[in-house]
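1. Need coordinates for the below:
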Amino acid sequence: MLRTLYVGFKLLPRVLMLRHYRRLTLDNKKVDEKEIEKEAEKMLNTLVSLGPAFIKLGQMLSVHSDLLPEGYLKVLSRLQDEVPPEPWNKVHEEIKEDLGEEFLKKIKINPNPIASASIAQVYLAELDGKEVVLKVNRPNIRKEVEEDIKVMKTLTPFLKYIFDESFYESAKAIIDDFSSRIFDEMDFTKEEFYMKKIREELSFPDVRIPKPIYATKRVLVMEYVKSHKVTSEEAKKIIPPENLAYKVFRTFMVMILEKEYFHADPHPGNIGVDNEGNLVLYDFGMVGRMDKDTRNKLVRAYVALTRLDGIELTKVLDELGAIQPEADRELLAKGIEIFLKTFEGVTPETLEVEDFINASNEVFYRFPLRLPQKLVLYIRTTSTLGGTCVTIYPEFNFFSNLVKLIEDEDLVIPAVIDQVKDTFSSYVRKFRSSLLEKPIIEKKSTSRDYYLSVVIAVISILSYIITKNVVLALLLIILALIMKK
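-> Take a look at the predicted model:
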């Protein structure tokens with residue numbers, strides 16, 4: 001309870017300021033961007049002070065352009081997952097509990113970590129005469145995260161009284177997804193599975209992934225693959241920067257657009273270059289999974305973007321679940337077409353990814369769009385990937401290379417086939433629905449209806465006797481029969 005009150009007290013001023021900026025933006029009122037960024041810095045510092053779970057949440061929020069204005073996204077994207085290491089004696093206890101005394105006799109661990117993040121620490125070791133790496137959960141991290149997830153879920157319903165319904169529903173969905181995803185990241189048996197799976201799927205001969213040796217929920221032992229950080233001068237001497245940037249881009253985008261699983265954290269610390277010029281991928285704690293249908297729809301979205309086709313883009317966004325249910329699709333398509341017209345005359349070669357992302361974030365924030373949970377990791381991955389490639393080679397252009405990749409990998413044809421199938425299936429469903437007989441609801445007659453029909457029948461007989469008008473009598477009889485039914 002005390003932790004909940006403390007977190008609520010720390011976050012409330014930041015949440016109220018976010019509401020203020022959200023209202024101004026949605027009402028099309030002028031907002032000082034520098035002022036927003038200063039407030040976003042305060043939000044970042046608050047999340048860091050609240051610990052690992054909130055740091056991870058901030059990283060996830062940094063791609064949610066449907067919730068946060070551009071200034072917040074820019075600042076929160078800088079959230080670093082690096083913290084001072086826990087003392088060796090505490091970490092050693094975790095290792096001993098999971099690996100056992102017998103295993104520890106065979107392995108010699110250097111007690112000085114080579115990396116320390118909010119969830120885990122990494123150590124060099126020697127096993128059976130070979131260099132290996134140990135990844136170990138920070139002591140008591142699961143307990144800390146479990147407590148903070150409870151705090152988040154306790155505080156989330158209060159957003160209903162602070163923000164609009166759309167914001168609340170999206171925030172609730174994010175917290176629910178985050179609460180399961182973060183525990184996956186702490187389970188190294190799952191990371192071992194992802195490493196093996198991506199090693200199988202990614203068939204590039206010039207990409208290396210360390211081989212996992214042994215895993216428990218809290219400890220992962222894997223082979224040590226030495227390399228130079230991908231943004232280092234040593235790496236750029238082995239592979240020219242322009243080629244290196246494309247190699248990194250191709251590796252991750254092929255995973256996203258062609259494979260079932262993809263490495264979802266392509267920041268420079270997780271990518272290396274060995275002396276033979278191979279890429280080396282590290283840290284598979286954050287991995288995404290995408291079905292074939294979604295991958296094809298993403299390719300269609302890219303093609304629609306390059307053609308500035310607002311109607312097709314709206315259609316794909318709708319199929320991906322990115323449009324709010326109550327939104328007017330036709331009106332939205334017109335709005336997106338107006339947005340795309342700002343890029344008329346701009347080719348993929350000259351389109352700056354940062355300008356496009358800023359404009360896209362603005363569209364998601366102002367229009368009735370939402371970021372589907374299945375695309376959260378994808379958006380975060382491509383955003384991080386673009387930044388890494390530009391750091392390697394400042395003139396790297398995301399969109400021109402994306403067009404090249406889609407052409408080289410022949411991804412357009414499967415996407416078009418997917419579109420034709422979807423359209424055909426839609427018409428077939430409509431046609432089949434039209435063949436279904438509509439139920440006939442019988443009206444139950446009451447005693448009142450019965451007596452009324454009898455009265456009308458009597459009147460029809462009398463009217464015929466008096467007026468000799470057959471037509472009038474027949475009409476009255478028909479009315480009586482209807483009433484009887």
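
2. Quick one: the strands in the stretch 251-400 of the chain, in order.
-> 261-263, 271-273, 279-281, 287-289 (DSSP state E, counting those that start in this stretch).

3. what about the third one, average pLDDT?
-> Think strand 279-281. Regarding strand 279-281, the rounded mean pLDDT is 96.

4. that older thread, would you convert the strands of the stretch 251-400 of the chain into TSV that also reports distance to Thr381 and mean neighbour count?
-> In short, each C-beta sits where N, CA and C put it, glycine included. Formatted as TSV, the strands of the stretch 251-400 of the chain follow (distance: least, CB to CB, whole Å; neighbours: other CB atoms under 10 Å):
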stretch	distance to Thr381	mean neighbour count
strand 261-263	7	24
strand 271-273	13	26
strand 279-281	13	22
strand 287-289	7	19
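
5. Quick one: closest of these to Met60.
-> Met60 lies closest, by CB to CB, to one member of the strands of the stretch 251-400 of the chain: strand 287-289, at 12.4 Å.

6. Just put the strands of the stretch 251-400 of the chain in JSON lines and tack on distance to Ala301.
-> Listed next are the strands of the stretch 251-400 of the chain as JSON lines, based on distance: least, CB to CB, whole Å:
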{"stretch": "strand 261-263", "distance to Ala301": "17"}
{"stretch": "strand 271-273", "distance to Ala301": "26"}
{"stretch": "strand 279-281", "distance to Ala301": "26"}
{"stretch": "strand 287-289", "distance to Ala301": "17"}
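
7. Nearest to Glu234 among those would be which one?
-> strand 271-273 (7.8 Å).

8. could you say what helices and strands that closest one packs with?
-> Helices and strands touching strand 271-273, by 3 or more CB pairs under 8 Å, 6 or more residues apart in numbering; DSSP states H and E, are strand 228-229, helix 233-238, strand 279-281.

9. List the residues that contact the closest residue to Gly288 other than its chain neighbours.
-> Spatial nearest neighbour of Gly288, excluding adjacent residues (CB to CB, 6 or more residues apart in numbering): Leu377 at 3.8 Å. Shown in contact with Leu377 (CB atoms under 8 Å, 6 or more residues apart in numbering): Ala264, Met286, Gly288.

10. need the helices and strands packed on strand 271-273 in JSON lines with distance to Pro111, can you?
-> Shown next, in JSON lines, are the helices and strands packed on strand 271-273 (distance: least, CB to CB, whole Å):
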{"stretch": "strand 228-229", "distance to Pro111": "23"}
{"stretch": "helix 233-238", "distance to Pro111": "27"}
{"stretch": "strand 279-281", "distance to Pro111": "25"}
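
11. first vs last residue of stretch 125-140, how far apart are they?
-> Length of stretch 125-140, first residue to last, CA to CA, to the nearest Å: 23 Å.

12. Mind listing residues that contact that stretch?
-> For stretch 125-140, contacts defined as CB under 8 Å, 6+ apart pick out 52, 86, 90-91, 93-95, 106-110, 114, 118-124, 186, 188, 191, 210, 213, 217-224.

13. quick one: average pLDDT of that stretch?
-> Mean pLDDT, stretch 125-140: 92.

14. ditto for stretch 72-90
-> Confidence over stretch 72-90 (mean pLDDT, whole number) is 82.

15. Return the set of buried residues in that stretch.
-> Tyr72, Leu73, Lys74, Val75, Leu76, Ser77, Leu79, Asp81, Val83, Pro85, Glu86, Trp88 (16 or more other CB atoms under 10 Å).

16. Could the C-alpha coordinates of it be exported in PDB?
-> The C-alpha trace of stretch 72-90 is given here as PDB (Å, rounded to 0.1, in the frame of the first residue of the first chain):
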ATOM      1  CA  TYR A  72       7.500  12.800 -25.000                       C
ATOM      2  CA  LEU A  73       8.300  10.100 -27.500                       C
ATOM      3  CA  LYS A  74      11.600  11.800 -28.400                       C
ATOM      4  CA  VAL A  75      12.700  12.100 -24.700                       C
ATOM      5  CA  LEU A  76      11.500   8.600 -23.500                       C
ATOM      6  CA  SER A  77      13.300   6.900 -26.500                       C
ATOM      7  CA  ARG A  78      16.600   7.900 -24.700                       C
ATOM      8  CA  LEU A  79      15.700   5.700 -21.600                       C
ATOM      9  CA  GLN A  80      18.800   3.600 -21.000                       C
ATOM     10  CA  ASP A  81      18.600   0.200 -19.500                       C
ATOM     11  CA  GLU A  82      21.900   0.500 -17.700                       C
ATOM     12  CA  VAL A  83      22.200   0.600 -13.800                       C
ATOM     13  CA  PRO A  84      25.000  -0.100 -11.300                       C
ATOM     14  CA  PRO A  85      25.700  -3.800 -10.800                       C
ATOM     15  CA  GLU A  86      24.600  -5.700  -7.700                       C
ATOM     16  CA  PRO A  87      27.400  -7.000  -5.400                       C
ATOM     17  CA  TRP A  88      29.000 -10.300  -6.500                       C
ATOM     18  CA  ASN A  89      28.200 -12.200  -3.300                       C
ATOM     19  CA  LYS A  90      24.400 -11.700  -3.900                       C
END
